[in-house]
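[1] this is a predicted model, with the sequence first.
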2 protein chains.
Amino acid sequence: MNRQDAGMLANVFRPTTVIDATRLGEQLGARILLASETFQHTGSFKFRAAYSVAARVPNALIIGASSGNFGQGLAYACKLLNKRCIVVMPATSDPAKVAAVEAYGGKVDMIDVRQTSRAERVAQLVRAHPEAYLASAYDDPLVIEGNATLGRELAALSLPVDCFLAPVGGGGLTSGLITGLRAEKCSTPVIGVEPAIANDAARSLREGKLVRNDAEPQTLADGVRTVSLGEHNWKILREGLSRIVEVAEALIPEAVRLLFNAANVKAEPTGALPIAGLLAEPEAFRGKSVCCVISGGNVDPALFARILNTQ
Amino acid sequence: MNRQDAGMLANVFRPTTVIDATRLGEQLGARILLASETFQHTGSFKFRAAYSVAARVPNALIIGASSGNFGQGLAYACKLLNKRCIVVMPATSDPAKVAAVEAYGGKVDMIDVRQTSRAERVAQLVRAHPEAYLASAYDDPLVIEGNATLGRELAALSLPVDCFLAPVGGGGLTSGLITGLRAEKCSTPVIGVEPAIANDAARSLREGKLVRNDAEPQTLADGVRTVSLGEHNWKILREGLSRIVEVAEALIPEAVRLLFNAANVKAEPTGALPIAGLLAEPEAFRGKSVCCVISGGNVDPALFARILNTQ
């Protein structure tokens, strides 16, 4: 994408919110800056991806599969662009995210992922709607370019940090970050954070080839319940990603609580993964300056209350 | 305060975080911008007040009374300035705020307000420490000047709004806002929001004289449990405040939930008062553009979980 196109997108997106999380940093022994996408349109970075796709394909109907945030972003982007969309969502999706997709005018197509994979259902819908554009939530150069606007923004801020940490699911965010940062000549390492029970990306990096989970892993971080990285993302991540930190499930709610109590940030479990990464490897980050990308803030309030009440 | 002094303070303070709360605004029928002080040092605007005092008095020991946020701000300001402080807090204070004052190195002096008023206990401490400066959390020109930095910031942003809404307790925030906005030639009205069970400020405006509550009202908004406006604040507010919206207690947790669910903002009950004000008078604000000052985000997680779970 050229800078003019990037500038066009940047005018639509809200700048990321940079928060100097002093108290959280003191607790974790690092200097922590948060790049919070929780105040982005539709509450997560996924709006960048979705709008980038919806604005740049000619089709009036867009079909996508999403555990929620891409669906919300796509629904709102289509609303802004006077287009329509159908979003395939697992029945286990956060109810708040399902309701939000519908509130933005998107049509939700709910599936039981134990019986039908997202890919199968999407294929059925594409056959039924041959005029539609099939949008991947991550495996699409237009998605990567949308997310690259965040990398460009962060590069322009010249943050004094040793590394960026960001969640890894399908790899759309990290591949976009790397693309945007490098396009603006910022060489700061990007480290991925992935739930240990959904560690296909970490295994892929170790084995040097794209490996898949057998099924969608039921991690609390519902934004990274993907079976594998996308092909386009993998091409960027295999060379561009510094490494991946794998985190135990118990660290994810702990990270949500820390962001809430020590930084006044409402993050969804997936958004808290970078903090879980700091908890998983305290020695690796002690005394370092890190920028944690908080990818989104949309979470069911009943689930959030349970997380707050569990210590 | 001259602009040079204001600039010195502004370098210490974090700029307020302006959030365009589109979805919240759609739900409430208004265009809503949030000026969130939840990411200010110590998590509330009170740091502006406390640092302004601690930096500009010669005393090495500062005594203050606070339900929590001024105490946190004072403790952290004194830490930064190598000073000491004693903070008198009611036993009913949010435990998270008490713990935070202590974490910043402040000494907490806990009282039962049914037996000893804050004023009485403060007077005892001042007799015991004649070298100390007695800092009011609101009734002090240095406090008002500290809070005025927020008004100056907001004026400089030239937000396209019809009014500002902010919580009223002792009147430190609203008198500071008015002072700062007017110093920068911004004439946008400032509207106070006060719990109906703690409506001494609204009664004062109606009666044209400063009136007091008999005791500290036990509103959920613990930051405004003051018996009256301060004298210095009253002088500014009686002429400068446009009016006061009084809100029923039930609207306060509802406002906390709305900020959480529709704007991804973690606010403490006091910080959510401006949203409660919009709920209290929907017709008055329908179609208007408003800037709500979210004064702080520090809240006990157990209390917050209860608020989320109650509909």
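    Cool, got the structure. Keep in mind the model is a prediction, meaning the values are calculated, not measured. Residues are numbered from 1 along each chain as shown, chains lettered A, B, ... in the order given.
[2] figure out how far the helix or strand where A:L308 lies is from the centre of its chain.
    Assigned by DSSP states H and E, A:L308 belongs to helix A:301-309. Offset of helix A:301-309 from its chain centre (Cα atoms, centre = their mean, to the nearest Å): 21 Å.
[3] what comes into contact with that helix?
    A:94, A:96, A:253, A:256-257, A:260, A:266, A:269, B:257, B:260-261, B:301-302, B:304-306, B:308-309 (Cβ atoms under 8 Å, 6 or more residues apart in numbering or on different chains). Just so you know, the C-beta spots here come from the backbone N, C-alpha and C atoms, and that holds for glycine as well.
[4] drop anything exposed from those.
    A:94, A:96, A:253, A:256-257, A:260, A:266, A:269, B:257, B:260-261, B:301, B:304-305, B:308 (16 or more other Cβ atoms under 10 Å in any protein chain shown).
[5] longest helix of chain A?
    helix A:141-157 (DSSP state H).
[6] does any part of that helix sit near chain B?
    No: contact between helix A:141-157 and chain B is absent, the nearest approach being 13.9 Å (criterion: Cβ under 8 Å from any Cβ of the partner chain).
[7] which helices and strands does that helix pack with?
    If contacts are counted by 3 or more Cβ pairs under 8 Å, 6 or more residues apart in numbering or on different chains; DSSP states H and E, helix A:141-157 sits against helix A:3-12, helix A:46-56, helix A:172-183, helix A:231-240.
[8] a markdown table for those helices, including mean pLDDT?
    Converted to a markdown table, the helices and strands packed on helix A:141-157 look like this (pLDDT from 0 to 100):
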| stretch | mean pLDDT |
| --- | --- |
| helix A:3-12 | 74 |
| helix A:46-56 | 97 |
| helix A:172-183 | 98 |
| helix A:231-240 | 97 |
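[9] flag every residue of the stretch 101-250 of chain A that's near chain B.
    Of all the residues in the stretch 101-250 of chain A, those lying near chain B are A:A103, going by Cβ under 8 Å from any Cβ.
[10] quick revisit: adding mean neighbour count, write the helices and strands packed on helix A:141-157 out as JSON lines.
    Formatted as JSON lines, those follow (neighbours: other Cβ atoms under 10 Å in any protein chain shown):
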{"stretch": "helix A:3-12", "mean neighbour count": "14"}
{"stretch": "helix A:46-56", "mean neighbour count": "27"}
{"stretch": "helix A:172-183", "mean neighbour count": "27"}
{"stretch": "helix A:231-240", "mean neighbour count": "18"}
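[11] which residues touch stretch A:257-268?
    Contacts of stretch A:257-268 (Cβ under 8 Å, 6+ apart): A:19, A:21, A:23-24, A:27-28, A:34, A:36, A:38, A:44, A:94, A:222-223, A:255-256, A:272, A:275, A:279, A:294-299, A:304, A:307-308, A:311, B:38-39, B:43, B:96, B:260, B:264-266, B:297-298, B:301, B:304.
[12] measure A:L177 to chain B for me?
    21 Å (Cβ to the nearest Cβ, to the nearest Å).
[13] ok, A:D222 next?
    16 Å.
[14] what's around that residue, how many residues?
    Using other Cβ atoms under 10 Å in any protein chain shown, A:D222 is surrounded by 24 other residues.
[15] which one is A:R118 nearest to, not counting chain neighbours?
    A:A65 (4.1 Å; Cβ to Cβ, 6 or more residues apart in numbering or on different chains).
[16] what sits opposite that neighbour in the beta ladder?
    A:V88 (DSSP bridges).
[17] tell me the contacts of it?
    With Cβ under 8 Å, 6+ apart, A:A65 has these contacts: A:87-89, A:118-119, A:121-122, A:136-137.
[18] now the residue of the stretch 1-150 of chain A found nearest chain B. Nearest residue, chain neighbours left out?
    In the stretch 1-150 of chain A, the residue that lies nearest chain B is A:T38 (4.4 Å; Cβ to the nearest Cβ). Among residues not flanking A:T38 along the chain, A:G297 sits closest, at 3.1 Å (Cβ to Cβ, 6+ apart).
[19] which residues does the one you found contact?
    A:G297 makes contacts with A:36-39, A:43-44, A:265-268, A:271, B:264, as judged by Cβ under 8 Å, 6+ apart.
[20] is A:D20 in contact with A:L33, as I believe?
    Yes: look at A:D20 against A:L33 with Cβ atoms under 8 Å: they come within range, at 5.9 Å.
[21] compare the two and say which one has the larger neighbour count.
    The neighbour comparison of A:D20 against A:L33 (other Cβ under 10 Å) goes to A:L33, with 21 against 15.
[22] so for stretch A:54-67, what gets flagged as buried?
    Here stretch A:54-67 shows A:54-55, A:57, A:59, A:62-67 as buried, counting by 16+ other Cβ under 10 Å.
[23] could you do stretch A:148-167 as well?
    Buried residues in stretch A:148-167 (16+ other Cβ under 10 Å): A:148-155, A:157, A:159, A:161, A:163-167.
[24] nearest to A:H232 among the residues you listed?
    Using Cβ to Cβ, A:A148 is the member of these that sits closest to A:H232, with 12.2 Å.
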